[in-house]
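Chemist: Model the structure of this input:
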Amino acid sequence: DLKKYQAGFFQTTQQRAAKAGFQAWIIGDSGDPARALELLDLFKRHQVEYHALKDEISVDGEVFKPGHAWVVPVKQRQFGLAQAMLETRTRFEDNTFYDVSAWSLPLAYNLPHAKLTRLPATTDSSPLLAGEAPEQDAKAWIVSWQQMKAPSVLQDLLDAGARVRAATKPFSTGIGSSARSFAEGSLVILAGIQDENKLGPVFESLQQASASGVDVYSYNTLLTTSGPGLGTSQFKLVPVIKPLLIVGQGTRNYDAGEAWHQLDQRLGVAPVMVEIARLKSVNLGDYTHLLMVEGSYTAINKRLKSRIATWVKDGGVLVAIQAAATWAESLCFRDDDCDDSQDVEQAIDEPVTPMAYAEFEDQSAQRTIGGAIVTARLDATHPVAWGYGKDMPLFRRGSTLLKASDNPFTTPVRYAENPLISGYIGAERLEEMSNQPAVIAERHGKGVVVRFANNPLFRGFWRGSERLWVNSVYFGPILNSTELLQ
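Modeler: Prediction:
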């Protein structure tokens, strides 16, 4: 019976494939082969068939080039799984979900993709794994921050004792075949400012980065063809990090695990972890960052909140997600923020509109965001958004809305006006999040508070948005004050 069911399943799947209305999906690498290769590896492990694109094609204004794009044919044994991995949809027969309502992997990896009505020419060539190799006698090495593995390279360099600078402005350097443009966030390692006894380990780290697929460009001048020179103050020194991660009772264990995994397994940082009940006994001055995931933080009393606010003003970086972000909005950084005597506007109770008992599930689904994919607009000049373009897909789960900042320069990520790409979000929830902040990064004294409305590390597979959180960790300390003079 099992074999009969299996045969019938694949037969039905092939019938669905024949009625799909298109011939294939195509996926590009967006200039970051490592991110695309991770997705391809996932396909391979699940026996989803794919092939390398042979000739350049353009679909809806998006150009897909050979060596940087792959084709997933509809006619294959694993069509059902491929469809579940790649489809986007916003209409459902039932609006009630026990879990998330959208799983589109190209969106999770923030990769360009499209459907093809005709199957293009393909090849079975494998993508190259090695990146541009560094030259040992160079005066400067540059690593583009748009590469998925760039953060782990940065951490390796910091562990090796390197002085690494991050570009705060775009620039171009080199001539002829070596001419390239680099965006904000690009890492610059100047040989001349490294400790002599650290140059060997630093170069070894760059070699290892290249072997893992990261492009490391070498230059023998600090002059640039456009933008600031490599030795100027527009390149900020990235400090060594020592994060403290809150875990245990009160926090959401999944989210705490995702933050730990990002730090320990992907960045090579072993974070110190502490439970909320023990936080009061910790010397916050021993740490550069306080990382707070989704959870309840009501156990943190007023005295400890004051200590955390003082720690931020002294240079600490607080990164808070969802309910933790809402909690962070209650921190007092100025006397007028802490005035308990301020009159609180009383809400006017409106009469409750009666509803039928049978409508409960539908009304609950309308108000619950179990998990959907939305579009966000980015300020790519902001350190939290370095390495991204003007827009990106985000995973939206829960209904957290951030308290807007009075400072117009502190919102690097904002939901689009009509944000829903895939999945289900009720009309009321869609309207309330339209054009609202998704990430806010505000400077307080010498430190920074970064608030996320949603978890950019969702389940460890949402690779496309993880850099927002990583940027908050590494570039939060170099975020400039943007308070305008009155």
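Chemist: And what about the nearest residue to residue 141 once chain neighbours are set aside, helix, strand or coil?
Modeler: Counting by Cβ to Cβ, 6 or more residues apart in numbering, residue 141 lies nearest to residue 189, which is 4.6 Å off, once chain neighbours are set aside. For every residue, glycine as well, the C-beta is placed using N, CA and C. Residue 189 carries the three-state label strand when classified by DSSP: H, G, I helix; E, B strand; the rest coil.
Chemist: Also residue 476?
Modeler: helix.
Chemist: Now for it: which residues touch it?
Modeler: 289, 317, 319, 383, 384, 441, 448, 450 (Cβ atoms under 8 Å, 6 or more residues apart in numbering).
Chemist: The residue nearest to residue 141 reaches residue 209, doesn't it?
Modeler: No - using Cβ atoms under 8 Å, residue 189 is not in contact with residue 209; the gap is 10.6 Å.
Chemist: joint contacts of those two?
Modeler: residue 143.
Chemist: the helices in this structure, which residues?
Modeler: Counting by DSSP state H, the chain has helices at residues 2-18, 33-45, 79-86, 105-108, 150-159, 199-211, 253-261, 276-279, 302-313, 323-328, 360-367, 427-433, 466-475.
Chemist: Compare those and give me the one nearest residue 167.
Modeler: Nearest to residue 167, of all those, is helix 466-475, at 10.8 Å by Cβ to Cβ.
Chemist: Could you check the angle that closest one makes with helix 253-261?
Modeler: Following axes from the mean of the first three to the mean of the last three Cα atoms, to 10 degrees, one obtains 60 degrees for the angle between helix 466-475 and helix 253-261.
Chemist: Flag the shaky bits of this protein, pLDDT-wise.
Modeler: Along the chain, segments meeting pLDDT under 70 span 95-98, 127-128, 335-350, 352, 357-369, 485-486.
Chemist: one more time with 90
Modeler: 1-20, 89-103, 124-131, 174-179, 333-371, 398-399, 425-427, 481-486 (pLDDT under 90).
Chemist: what residues are up against residue 395?
Modeler: 100, 108, 371, 372, 373, 374, 454, 455, 456, 458, 462, 465.
Chemist: make it 10 Å
Modeler: 100, 102, 107-108, 371-374, 423, 454-459, 461-462, 464-465 (Cβ atoms under 10 Å, 6 or more residues apart in numbering).
Chemist: from those residues, which ones fall inside strands?
Modeler: Counted as lying in strands by DSSP state E, out of these, are 372, 373, 374.
Chemist: I figured the first one was touching residue 415, is that so?
Modeler: Right, the one you point to is residue 372. No - assessed by Cβ atoms under 10 Å, residue 372 is found out of contact with residue 415, at 11.6 Å.
Chemist: Pull up the overlap in contacts between the two.
Modeler: Counting by Cβ under 10 Å, 6+ apart, the contacts common to residue 372 and residue 415 are 394, 396, 430.
Chemist: so how many other residues sit close to the second one?
Modeler: Right, the one you point to is residue 396. By the measure other Cβ atoms under 10 Å, the count of residues near residue 396 is 30.
Chemist: now residue 180: how far from residue 174?
Modeler: Going from residue 180 to residue 174 by Cβ to Cβ, to the nearest Å gives 6 Å.
Chemist: go on, residue 12?
Modeler: Residue 12 is 56 Å from residue 174, by Cβ to Cβ.
Chemist: So for those two, which residue has more residues nearby?
Modeler: With neighbours defined as other Cβ under 10 Å, residue 12 and residue 174 compare such that residue 174 has more, 18 against 11.
Chemist: That one: what's it in contact with?
Modeler: Contact analysis of residue 174 by Cβ under 10 Å, 6+ apart lists 142, 180, 181, 217, 218, 219, 220, 221, 223, 224, 225.
Chemist: From those residues, keep the buried residues only.
Modeler: Buried by 16 or more other Cβ atoms under 10 Å: 142, 180, 217, 218, 219, 224, out of the contacts of residue 174.
Chemist: and the gap between residue 209 and residue 266?
Modeler: If you measure residue 209 against residue 266 using Cβ to Cβ, the figure is 14 Å.
Chemist: Residue 48 now?
Modeler: According to Cβ to Cβ, residue 48 and residue 266 sit 24 Å apart.
Chemist: still on that earlier bit, nearest to residue 24 among the buried ones among the contacts of residue 174?
Modeler: residue 180 (32.6 Å).
Chemist: can you pull out the strands in the stretch 251-400 of the chain?
Modeler: 272-275, 289-292, 317-321, 372-378, 391-396 (DSSP state E, counting those that start in this stretch).
Chemist: what's the angle from the last one to strand 372-378?
Modeler: In this structure, strand 391-396 runs at an angle of 140 degrees to strand 372-378, with the same axes, to 10 degrees as the basis.
Chemist: List the pairing partners of strand 391-396 within its sheet, with orientation.
Modeler: Within its sheet, strand 391-396 is paired with strand 372-378 (antiparallel), according to DSSP bridges.
Chemist: just to revisit the earlier point, I'd like to know which of the helices of the chain lies nearest to residue 124.
Modeler: The closest of those to residue 124 is helix 33-45. By Cβ to Cβ, the value is 12.5 Å.
Chemist: Packing partners of that closest one?
Modeler: The elements that helix 33-45 packs onto, with contact taken as 3 or more Cβ pairs under 10 Å, 6 or more residues apart in numbering; DSSP states H and E, are strand 24-28, strand 69-73, helix 79-86, helix 105-108.
Chemist: could the ones you listed be laid out in CSV, adding mean neighbour count?
Modeler: Output for those, formatted as CSV (neighbours: other Cβ atoms under 10 Å):
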stretch, mean neighbour count
strand 24-28, 22
strand 69-73, 23
helix 79-86, 18
helix 105-108, 23
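Chemist: Dump the ones you listed to TSV, plus distance to residue 1.
Modeler: Listed next are these as TSV, based on distance: least, Cβ to Cβ, whole Å:
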stretch	distance to residue 1
strand 24-28	34
strand 69-73	31
helix 79-86	20
helix 105-108	33
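Chemist: Between the ones you listed, which one is closest to residue 196.
Modeler: strand 24-28 (43.3 Å).
Chemist: Can I get that closest one in PDB? Just the C-alpha atoms.
Modeler: Provided in PDB are the C-alpha atoms of strand 24-28 (Å, rounded to 0.1, in the frame of the first residue of the first chain):
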ATOM      1  CA  ALA A  24      11.100  26.700 -14.900                       C
ATOM      2  CA  TRP A  25      12.200  29.000 -12.100                       C
ATOM      3  CA  ILE A  26      15.500  30.900 -12.500                       C
ATOM      4  CA  ILE A  27      17.500  32.200  -9.500                       C
ATOM      5  CA  GLY A  28      20.500  34.600  -9.600                       C
END
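Chemist: and the angle for that strand with helix 33-45?
Modeler: Between strand 24-28 and helix 33-45, the angle comes out at 150 degrees (the same axes, to 10 degrees).
Chemist: Show me what strand 24-28 pairs with in its sheet, parallel or antiparallel.
Modeler: Counting by DSSP bridges, strand 24-28 is paired with strand 69-73 (antiparallel), strand 113-116 (antiparallel).
Chemist: just the strands in the stretch 101-250 of the chain please.
Modeler: Counting by DSSP E, counting those that start in this stretch, the segments of the stretch 101-250 of the chain that form strands are 113-116, 122-123, 140-143, 165-167, 171-173, 180-182, 187-190, 217-219, 235-237, 243-247.
Chemist: Save the ones you listed as CSV, and put in distance to residue 29 too.
Modeler: Output for the strands of the stretch 101-250 of the chain, formatted as CSV (distance: least, Cβ to Cβ, whole Å):
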stretch, distance to residue 29
strand 113-116, 11
strand 122-123, 15
strand 140-143, 17
strand 165-167, 22
strand 171-173, 22
strand 180-182, 17
strand 187-190, 20
strand 217-219, 18
strand 235-237, 27
strand 243-247, 30
